[in-house]
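Need a 3D model of the sequence below.
(4 chains)
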Number of protein chains: 2
Amino acid sequence: MEGKLLNKYEASLLKPPMPCFSIPWFVRGDFERNKFILDSESVASYGYVTDYVWRIMATEGKKTTIKDIAREAGVSTATVSRILNNLEGYTGETRKRVMDVIERRQYRPSAIARGLVSQQTKTIGVLLPSLSSRFMNTLIEGIESQAQAHGYSVILCNTDRDGVRTADYLKVLGEKRVDGIIFTSEWVTSEYALALKKLDVPVVLVATNSWQYSFPSIRTEDKAAAYSAVRYLIEKGHRRIGMVGGTHSDKIAGIPREEGYFEALEESGIPRDTTMVSHGDFHFASGIRAMQELYERHPEITAVFAASDEMALGVLSFAYAHGIRVPEQLSVIGYDDTLDAQMSIPPLTSIHQPIYEMGAEAVMTLLESQDAMGKVLPISITERDSVCALRGSE
Amino acid sequence: MEGKLLNKYEASLLKPPMPCFSIPWFVRGDFERNKFILDSESVASYGYVTDYVWRIMATEGKKTTIKDIAREAGVSTATVSRILNNLEGYTGETRKRVMDVIERRQYRPSAIARGLVSQQTKTIGVLLPSLSSRFMNTLIEGIESQAQAHGYSVILCNTDRDGVRTADYLKVLGEKRVDGIIFTSEWVTSEYALALKKLDVPVVLVATNSWQYSFPSIRTEDKAAAYSAVRYLIEKGHRRIGMVGGTHSDKIAGIPREEGYFEALEESGIPRDTTMVSHGDFHFASGIRAMQELYERHPEITAVFAASDEMALGVLSFAYAHGIRVPEQLSVIGYDDTLDAQMSIPPLTSIHQPIYEMGAEAVMTLLESQDAMGKVLPISITERDSVCALRGSE
DNA sequence: CGCTGTAACGTAATCGGTTACGTAAAACGT
DNA sequence: ACGTTTTACGTAACCGATTACGTTACAGCG
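Take a look at the predicted model:
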């Protein structure tokens, strides 16, 4: 350990707990020329102050703090803080002087320290079950953009549909004291609900909702949407309509969409036939598989309603592989109207959800009102080329 | 304002700056039964302490802190901290008692307060130019997953290719004192580089690099990858090969891939012909447009190399719309090998980048070593059904 | 010229943890 | 039995901001 040069400020930090002058005896130097030598040999033998010595040593490349600014500008930290936060209580001249120092030293106030006293972090956490779907992309885009517009950052939490990861993230978000949580697309179990409530921060649900536990939720009416999709096919003259559904037990995007499907059919006098529905997991590969099952059972179908665009693409791929022409021989309608629907061959007719807006709306709900009730957004049908009208009788 | 019940702890917080007993005179009550009344009428007339009174009032639903735990368990905060951090210096008995209190009160230490002293936030910032591509998805997945595995959270920053947003985010990340920054897919201008250097945190570049400024970067060799794509087509017998390139001036994914394309051709004795390249912006719609231009200029081409999967899908769509059969009449090879490539009709042969791994690797580099040099990851070709061999002579 | 209101600051407590150093008691050593 | 080391804690400074309240100098007024 060698003697180290200290400037006046660093030396002034040396305030050992025993009574002594403001600059302790183990710091020698030229006060006028602002140069000091830390006499580490004497220091080492004086165990009491090693803590302070260590601090000085570590002080090397430290970030400039509000204290540095205050000292250099010759004001108190309170004044600097006031200036930074556009409060009042200082002359224009003082302001300029302080701002100059801030500029020169490239000072950036620590959001950490700020958060500690203000008790808010300007951060929100977003929990989602997956990252690899266009739906999530667009949702995140909406969330991120709205959050950034309001000065908030978003922490991304991919739960991977895993209870442990979810619990982990809930814990972390709690410790990081996020100002709000957006919980997406996954069924809110009672454990999750309890954990969320205990965190005692605003929560908004997106593309899901909860019965017993009251959280505001931003969503669409899945059942009604499915109903209109199938209704649309019926109006085009189709009667033998199959469905490639989502996860069988999914209380959000599974069961309700299937219900809507059946309801539309029954309304047209077509009896409920569960063999006309096969299930996937919303993703591409499962769409192919489900379509295969469906086709083996019911080669006579003229139209398919898929519970997600990706599965609809699976249906398209199956049709292509088996020489079934879309839409001439088979009409396909998807769900979500993501980019996937635009890029497919042929372009996919799909139930349009305002996904981006749902994300944005979720952030608004989170930030604006604590007693919000959530919102149900309208869906529509984006017509492209994967559905054609059936002429003549069956 | 009415008198308010205080418990012993709340009352003990009342420490007005004038000399008095530990419980000030304006708090009356039954110390034994832990009930206190805040005599607000006398308080109101005693202006000096309004600050403290307000604090008490606001204390209502406050989070439990380490002090609460310490008091309830009958130890000091230091001991609680030691237990929380698995340091040593306590009996198993003490530990149990403290842990019980922690459990009962559902105590979670504040990462904010922790961060203030430890000077680290266990958070990394990820800057990316867009969120709406499969490439970004997968990259984020890799990053998020690796970060979470190491106890870090990721703050998502969509710069939207906008200088102002980028600067904004750089400022925010600086103030939030993130432990590291991953900068993705966008050219590092000297302003960005300067700003990044000034933040004084580890930075890792992904899918980009910088010449003048030394940051470790995780990437693939774009030129070599493009070269092998075209080489692959040549080996399949193609000689009239067009390219649907990315943004003309893009120093990362534009120019190098074009260079690789030309190099492969020239090596096979096919002269450089810039009219064989048309440009898009890596996205779907631009792929269609670029293919249209290319096809109008060179209807004789038998194969196309697209600088992104999305543009390759555009090429496929164009071909479909114009009755050109893929791969029989036109072979197409994409770039990135994202999910898009698997879902297209026909499934797309594509240059495979280990995108997920790149994300994961970036996090590793960020966390592990401060003097890392970055890494170049290998690419490969994933063969699917969009390329066929050309027989016979031209 | 003395009194008072106000603008412009300074002082110090505070947010919720971590940690260097102090210390009393127990364990150990001879 | 007594000095020494170790154990198990407690005390208080500190991280970097915000802010309630204090204070001083000056302006305005009678």
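
ok, longest helix in chain A?
What stands out as the longest helix in chain A, according to DSSP state H, is helix A:134-149.

Tell me where the stretch 51-200 of chain A has strands.
Secondary structure of the stretch 51-200 of chain A by DSSP state E, counting those that start in this stretch: the strands cover A:123-128, A:153-158, A:180-184.

Give me every residue in contact with the longest helix of chain A, excluding its own residues.
Here helix A:134-149 makes contact (CB atoms under 8 Å, 6 or more residues apart in numbering or on different chains) with A:124, A:126, A:128, A:130, A:153-154, A:156, A:182, A:184-185, A:206-207, A:308-310, A:336, A:338-340, A:353, A:355-364, B:131-132, B:136-137, B:156-158, B:165, B:168-169. Every residue, glycine included, has its C-beta placed from N, CA and C.

average pLDDT for it?
Mean pLDDT, taken over the full extent of helix A:134-149, equals 95.

and the angle for that helix with strand A:123-128?
170 degrees (axes from the mean of the first three to the mean of the last three CA atoms, to 10 degrees).

got the buried residues for helix A:134-149?
For helix A:134-149, a neighbour-count test (16 or more other CB atoms under 10 Å in any protein chain shown) marks A:134-148 as buried.

If we only consider those residues, which is nearest to residue B:87?
Among the buried residues of helix A:134-149, residue A:147 lies closest to residue B:87 (CB to CB), at 37.3 Å.

Can you give me the distance of residue A:79 to DNA strand D?
8 Å (CB to the nearest atom of the strand, to the nearest Å).

If you could redo that for residue A:148, that was the one I meant.
Distance of residue A:148 to DNA strand D, computed by CB to the nearest atom of the strand: 20 Å.

And that residue, how close does it get to residue B:301?
Residue A:148 sits 43 Å away from residue B:301, going by CB to CB, to the nearest Å.

and if you look at residue A:192?
The gap separating residue A:192 from residue B:301 is 55 Å, by CB to CB.

do residue A:249 as well
Distance from residue A:249 to residue B:301, by CB to CB: 50 Å.

In terms of neighbours, single out the busier of the two.
Higher neighbour count among residue A:249 and residue B:301: residue B:301, with 20 against 9, using other CB atoms under 10 Å in any protein chain shown.

I'd say the more buried one and residue B:242 touch.
Yes: at 4.3 Å, residue B:301 and residue B:242 qualify as touching, with contact defined as CB atoms under 8 Å.

overlap in contacts of these two?
Both residue B:301 and residue B:242 are in contact with B:276, B:294, where contact means CB under 8 Å, 6+ apart.

which non-adjacent residue is nearest residue A:253?
Of all residues beyond its chain neighbours, the one nearest residue A:253 is residue A:246 (5.0 Å), with distances taken as CB to CB, 6 or more residues apart in numbering or on different chains.

could you list every residue that touches the one you found?
A:253-254, A:257, A:279-282, A:307-308, A:311.

cutoff 6 Å now
Applying CB atoms under 6 Å, 6 or more residues apart in numbering or on different chains, we find residue A:246 in contact with A:253-254, A:282, A:307.

Check residue A:279 too.
Applying CB under 6 Å, 6+ apart to residue A:279 gives the contacts A:245, A:248.

which residues does it bridge with?
Residue A:279 has these beta-bridge partners by DSSP bridges: residue A:245.

Just give me the neighbour total for the closest residue to residue A:219 other than its chain neighbours.
Of all residues not flanking residue A:219 in the chain, residue A:207 sits nearest, at 5.4 Å (CB to CB, 6+ apart). For residue A:207, the neighbour count with other CB under 10 Å is 24.

tell me the pLDDT at residue A:207?
90.

try residue A:56
As predicted, residue A:56 sits at a pLDDT of 37.

what's the answer for residue A:82, then?
For residue A:82, the predicted pLDDT is 94.

Contacts only, for it.
residue A:89.

From the chain's centroid, how far away is the helix or strand where residue A:318 lies?
If you go by DSSP states H and E, residue A:318 is part of helix A:309-321. Distance, stretch centre to chain centre, for helix A:309-321: 29 Å (CA atoms, centre = their mean, to the nearest Å).

In the sheet, which strands lie alongside the next helix or strand after it, parallel or antiparallel?
Next helix or strand after helix A:309-321 toward the C-terminus (DSSP H and E): strand A:331-336. Here strand A:331-336 has these sheet partners by DSSP bridges: strand A:303-306 (parallel), strand A:349-352 (parallel).

Just the buried residues of the next helix or strand after the last one, please?
For strand A:349-352, the following helix or strand on the C-terminal side (DSSP H and E) is helix A:355-368. Applying a neighbour-count criterion of 16+ other CB under 10 Å, one finds A:355-367 buried in helix A:355-368.

mind listing what the following helix or strand past helix A:355-368 pairs with, with the direction of each?
Later in the chain than helix A:355-368, the nearest helix or strand by DSSP H and E is strand A:374-376. Strand A:374-376 has the following sheet partners, assigned by DSSP bridges: strand A:217-219 (parallel).

Identify all contacting residues around the strand it pairs with.
With contacts defined as CB under 6 Å, 6+ apart, strand A:217-219 is touched by A:205-207, A:209, A:358, A:361-362, A:374-375.

Now with 7 Å, please.
For strand A:217-219, the surrounding residues in contact (CB atoms under 7 Å, 6 or more residues apart in numbering or on different chains) are A:204-209, A:358, A:361-362, A:365, A:374-377.

would you list these in TSV and tack on distance to DNA strand C?
As requested, the contacts of strand A:217-219 are arranged in TSV below (distance: CB to the nearest atom of the strand, whole Å):
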residue	distance to DNA strand C
A:204	24
A:205	28
A:206	29
A:207	33
A:208	31
A:209	32
A:358	34
A:361	31
A:362	27
A:365	26
A:374	30
A:375	33
A:376	37
A:377	37
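
Flag every residue of the stretch 201-350 of chain A that's near chain B.
Taking CB under 7 Å from any CB of the partner chain as the criterion, the stretch 201-350 of chain A approaches chain B at residues A:284, A:313, A:316-317, A:320, A:339, A:342-343, A:345.
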